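S.K.: Pasting the sequence and the predicted model now:
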Amino acid sequence: MNRKLPLIITFLVGIIVIVSEFIPHYPFGLISSELENWFLIISGFAIILGQLSLFKVNILKIKYKKPNWPYSVITLASFIIMVGVGILWGTQDNSGLAGNGQHIVAVMGSKPFDYLFHNVYQHLQATMFSLLAFFIASAAYRAFIARTFESNLLLISAILVMLGNTSLGSFLTSWMPQTLNFLHLPKLAEFIMKYPTTAGQRAIMIGAGLGIIGSSLRIILGIERSYLGGK
Amino acid sequence: MARKTIDRRWIFLLIFVGVALPLIFVIGLPLETTENVRMVYDLVEETPSGSTVLISFDFDPASRPELYPMALALVDHCFQKDIKMIFTALWPMGVQMAEDVIDVLQEKYPEKEYGKDYVNVGFKAGGIVTVQAMAKNFRTVYPTDMNGTPISEHPILRGVKNFDNLAFLFSLSAGSPGIKEWVQIGHDAYGRPTSGGVTGVSAPSILPYVNEQQQLTGLLAGLKSAAEYEYLLENPGLGTSGMDAQSMAHLIIIIFIIIANINYWRAKKAEKGGK
Amino acid sequence: MVQFFNVLGIWIGALLTFAIFSFLYKDNPFYKTAEQIFVGLSAGYWFVYTIFFILIPNMYEPLSTNITSNWIKLIPAILGVMMLLRLIPNLEWVSRFPIALVIGTTSGVFFLRYLKSDVINQLTATIMNPFLGNTTVNTIGQILLIVGTFTGVVYFYFSKKHEGVFGATAKVGIYFLMISFGAAFGYTAMARISLLIGRLQFLFGDWLGIIEP
């Protein structure tokens, strides 16, 4: 029953959602709309579950003194501080349990939650991802070697797109006559993106789309059950 | 095959210097606009004044350098055209990104009123299913705005019951959930004009939606598009100021690729000669 | 005082930026500390926003103000609590019911939307007369678009061995995919560099004040 009932729920819900697309009248349309509203609330709980799970994992790491456990203390402290100030004084114009925090805003310029977001979180995340600029340059040096015809295509396309997507590209071929306008680097990059790249990406999109449709059907019909966990 | 290798930290240093110098010493290289950016610009231009549009901030600080300049330019353009805007976010950090844009533009347009000319309805989870729910009934998904005020109290939202009441949908998207969901529901299921701005990383995979079916009406892709939009608005900003640095960094990467290939071919030649 | 906190915020931001950049030299405790602060704050942010923007307006408010007309919201509320029981090993099975509902809804929506947007509409956008283009370049482009899409899809068909005419067609598909991956790399490089530009604009503008922020 623990496994069969969820499979029946999945089947019924999936079928109702699909049927309501073709028969949007009572009762299918109403049930489908209600399911979508429930989905939003359950998604909210799923997010909370994720955060609590992170909390639990780090507590266990500290409890059993696993390698690098002191860093888990930092994770937990940051989490507790962010949640604490958020719940106490709220965010933006939302009030928290301790009110709207106007006296703190008068001192800090913004609520502690928003202050932490703008001055700590934002910089950390932005810098973390900006590291990739360095790694992609290094990867290009190591991996972009013209060994075969296919890798030549990859290389030429990458270079033309990189040049065409900057003002340098415009500058380099700005001397070209109007008759050769299609060879102007920004135009060439636009052509590559609009036609061969779109063709390749569209093939991937159609392939992936068919894959998702197949997987959805397998889940609705109960053939794919791995999402239920266990054996 | 033995190839000459460089300590990658030298590459890191060169990239750093290559990006830093043009930011300090501006060169001012020329800029050209592309068709996809012009399509977005025309979409806003052709939207009648007083119409209401929905702009979704589906990104976080990780993609801010690319999408924030686009957001600034787009919202500025909508304010100029007297278009009313509903801001939402499928990513929680998107709410703060929208607030940052509003904070900057409030100084430029002090006459624009919250609740009348624009409103921020905040973050909603659930991706595509939630977008579908708001397409059918906007009020069940958004009973209040981001500050907890019932949406019936805002004049801008009084006539908005579903997507039929919106002139167009626009997603500033850094991944999933994002522009794909807005295309699939907004345009393909409910027939609303949909457009967006995406990061360079996701641009190629979203481009097939810019087609004869007009699943997407134009697309802003990466910082260059933001610069192009600023150019069309005749209002250079963050996008334009980053273009010289972008050019220089690309040039450095290309030079490194060329050096790597020369090394490869030399090593290959030496190997052949040794046999 | 507000001014002090503004300046302090910029300095904290700059120091944390350097802590993360220090990873470029090698992994170190400053980087690891900054990384864990990021993880903790991120989780906290999601937690607070979910409560303020979803659970309060969409669940708590309707139930607390008028439960008789909103009683139906009790169902997702109970299902949500059942989802949280996943954290308790003995009661983990209870979470299968809300998961089943979520997966069922998502599968139904995905089935419909991907079929229309990513398959039917893409095929419709590809099946066109390439000679309607107003310039030679456009016509060539449209032909490339049709050939590239068709051969690319053929490449992804793995139920038949890639040999003979079928293999040759798939090979052409690979060429288009390679051009596409090259362009994707170009765009990725552009995106990553933009992120670095954003960081340096902060350091040189907001922090050092040598460029206009």
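M.R.: Yep, that arrived.
S.K.: Kindly list the longest helix within chain C.
M.R.: helix C:164-201 (DSSP state H).
S.K.: Run a quick neighbour tally on the residue nearest to C:Phe30 when sequence neighbours are not counted.
M.R.: Nearest residue to C:Phe30 in three dimensions, chain neighbours excluded: C:Ala19, at 4.4 Å (Cβ to Cβ, 6 or more residues apart in numbering or on different chains). Placement of C-beta: from N, CA and C, glycine included. Neighbouring residues of C:Ala19 were enumerated by other Cβ atoms under 10 Å in any protein chain shown; the total is 21.
S.K.: Quick check: C:Ala19 vs A:Tyr121, distance?
M.R.: 14 Å (Cβ to Cβ, to the nearest Å).
S.K.: still on that earlier bit, quick one: is the longest helix of chain C near chain B?
M.R.: Yes: applying Cβ under 8 Å from any Cβ of the partner chain, one finds helix C:164-201 touching chain B at C:180, C:183-184, C:187-201.
S.K.: what about that helix, distance to the chain center?
M.R.: In terms of Cα atoms, centre = their mean, to the nearest Å, the centre of helix C:164-201 is set 18 Å apart from its chain centre.
S.K.: Tell me which residues touch the closest residue to chain B within chain C, please.
M.R.: As assessed by Cβ to the nearest Cβ, chain B sits closest to C:Gly198 within chain C, at 2.5 Å. C:Gly198 makes contact with A:126, A:130, B:64-66, B:242, according to Cβ atoms under 8 Å, 6 or more residues apart in numbering or on different chains.
S.K.: what pLDDT does it get?
M.R.: Model confidence at C:Gly198, given as pLDDT, is 95.
S.K.: so where do the helices sit in chain C?
M.R.: With helices called from DSSP H, chain C shows them at C:2-21, C:29-50, C:61-65, C:67-70, C:74-84, C:96-114, C:121-126, C:136-155, C:164-201.
S.K.: among those helices, which is nearest B:Thr33?
M.R.: Nearest of the helices of chain C to B:Thr33, taken as Cβ to Cβ: helix C:164-201 at 16.6 Å.
S.K.: Please identify the buried residues of that closest one?
M.R.: Of the residues in helix C:164-201, C:169-170, C:172-201 count as buried by neighbour count, 16 or more other Cβ atoms under 10 Å in any protein chain shown.
S.K.: again, but for stretch A:82-90
M.R.: A:82-83, A:85-90.
S.K.: what about it, distance to the chain center?
M.R.: 25 Å.
S.K.: Next, the angle from the longest helix of chain C to helix C:136-155.
M.R.: Angle of helix C:164-201 versus helix C:136-155, following axes from the mean of the first three to the mean of the last three Cα atoms, to 10 degrees, is 110 degrees.
S.K.: about what we covered before: between the contacts of C:Gly198, which is nearest chain C?
M.R.: Within the contacts of C:Gly198, proximity to chain C (Cβ to the nearest Cβ) peaks at B:Pro65, which comes in at 2.5 Å.
S.K.: which residues does the closest one contact?
M.R.: If you count contacts by Cβ under 8 Å, 6+ apart, then B:Pro65 has A:126, A:130, B:223, B:238, B:242, C:194-195, C:197-199, C:201 around it.
S.K.: Any idea what the residue nearest to the spatial centre of chain B is bridged to?
M.R.: The residue lying closest to the centre of chain B (Cα atoms, centre = their mean) is B:Gly197, at 3.1 Å. Under DSSP bridges, the beta-bridge partners of B:Gly197 are B:Leu172, B:Leu220.
S.K.: right, and it touches B:Ser173 too?
M.R.: Yes: with contact defined as Cβ atoms under 8 Å, B:Gly197 counts as touching B:Ser173 (7.2 Å).
S.K.: Overlap of the contact sets of these two?
M.R.: Joint contacts of B:Gly197 and B:Ser173 (Cβ under 8 Å, 6+ apart) are B:Leu67.
S.K.: What ranges in chain A fall below the confidence cut-off?
M.R.: Applying pLDDT under 70 to chain A flags residues A:230-231.
S.K.: Can you give me the buried ones in the helix or strand A:Ala133 falls within?
M.R.: Using DSSP states H and E, A:Ala133 maps to helix A:122-143. Within helix A:122-143, the residues that count as buried by 16+ other Cβ under 10 Å are A:122-134, A:136-141.
S.K.: do stretch C:55-73 as well
M.R.: Here stretch C:55-73 shows C:55-59, C:61-62, C:73 as buried, counting by 16+ other Cβ under 10 Å.
S.K.: Check stretch A:97-108 too.
M.R.: Buried, per 16+ other Cβ under 10 Å, within stretch A:97-108: A:101, A:104-105, A:108.
S.K.: ok, now stretch B:34-52?
M.R.: So stretch B:34-52, judged by 16+ other Cβ under 10 Å, has buried residues B:34, B:36-37, B:39-41, B:43-44, B:47, B:51-52.
S.K.: Those residues in strands, which ones?
M.R.: Counting by DSSP state E, the buried residues of stretch B:34-52 place B:Thr52 in strands.
S.K.: Contacts (any at all) between chain A and the longest helix anywhere in chain B?
M.R.: If you go by DSSP H, chain B has its longest helix at helix B:238-274. Yes: judged by Cβ under 8 Å from any Cβ, helix B:238-274 comes into contact with chain A at B:243-244, B:246-254, B:256-257, B:259-261, B:264.
S.K.: next one: stretch B:41-59
M.R.: No: Stretch B:41-59 does not reach chain A (Cβ under 8 Å from any Cβ); its nearest approach is 10.9 Å.
S.K.: how far does that stretch stretch from start to finish?
M.R.: 21 Å (Cα to Cα, to the nearest Å).
S.K.: What of stretch C:81-90?
M.R.: 15 Å.
S.K.: Return the set of buried residues in that stretch.
M.R.: In terms of neighbour count (16+ other Cβ under 10 Å), stretch C:81-90 has its buried residues at C:82-86.
S.K.: Out of the residues you listed, which is nearest to B:Thr140?
M.R.: C:Met83 (20.9 Å).
S.K.: show me the residues around that closest one that make contact.
M.R.: With Cβ under 8 Å, 6+ apart, C:Met83 has these contacts: A:42, A:45-46, A:49, C:95, C:98-99.
S.K.: near chain B too, which of these?
M.R.: Of the contacts of C:Met83, the ones that also sit near chain B (Cβ under 8 Å from any Cβ) are A:Ala46.
S.K.: just checking, which of the contacts of C:Met83 belong to strands?
M.R.: With strands taken from DSSP E, there is no overlap with the contacts of C:Met83.
S.K.: Tell me which helix or strand the closest residue to A:Ile23 other than its chain neighbours sits in.
M.R.: The shortest distance from A:Ile23 to any non-neighbouring residue, by Cβ to Cβ, 6+ apart, is to A:Gly29 (7.7 Å). Here A:Gly29, judged by DSSP H and E, is contained in helix A:28-63.
S.K.: Let me know the angle separating that helix from helix C:29-50.
M.R.: If you take the same axes, to 10 degrees, helix A:28-63 sits at 150 degrees to helix C:29-50.
S.K.: Contacts only, for the closest residue to A:Asn119 other than its chain neighbours.
M.R.: Leaving aside its sequence neighbours, A:Asn119 sits nearest to C:Gly9 (Cβ to Cβ, 6+ apart; 3.4 Å). Contact analysis of C:Gly9 by Cβ under 8 Å, 6+ apart lists A:115, A:118-119.
S.K.: Redo these as JSON lines? Include neighbour count, secondary structure and distance to B:Thr88.
M.R.: Formatted as JSON lines, the contacts of C:Gly9 follow (neighbours: other Cβ atoms under 10 Å in any protein chain shown; DSSP: H, G, I helix; E, B strand; the rest coil; distance: Cβ to Cβ, whole Å):
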{"residue": "A:Tyr115", "neighbour count": "20", "secondary structure": "helix", "distance to B:Thr88": "24"}
{"residue": "A:His118", "neighbour count": "18", "secondary structure": "helix", "distance to B:Thr88": "21"}
{"residue": "A:Asn119", "neighbour count": "20", "secondary structure": "helix", "distance to B:Thr88": "25"}
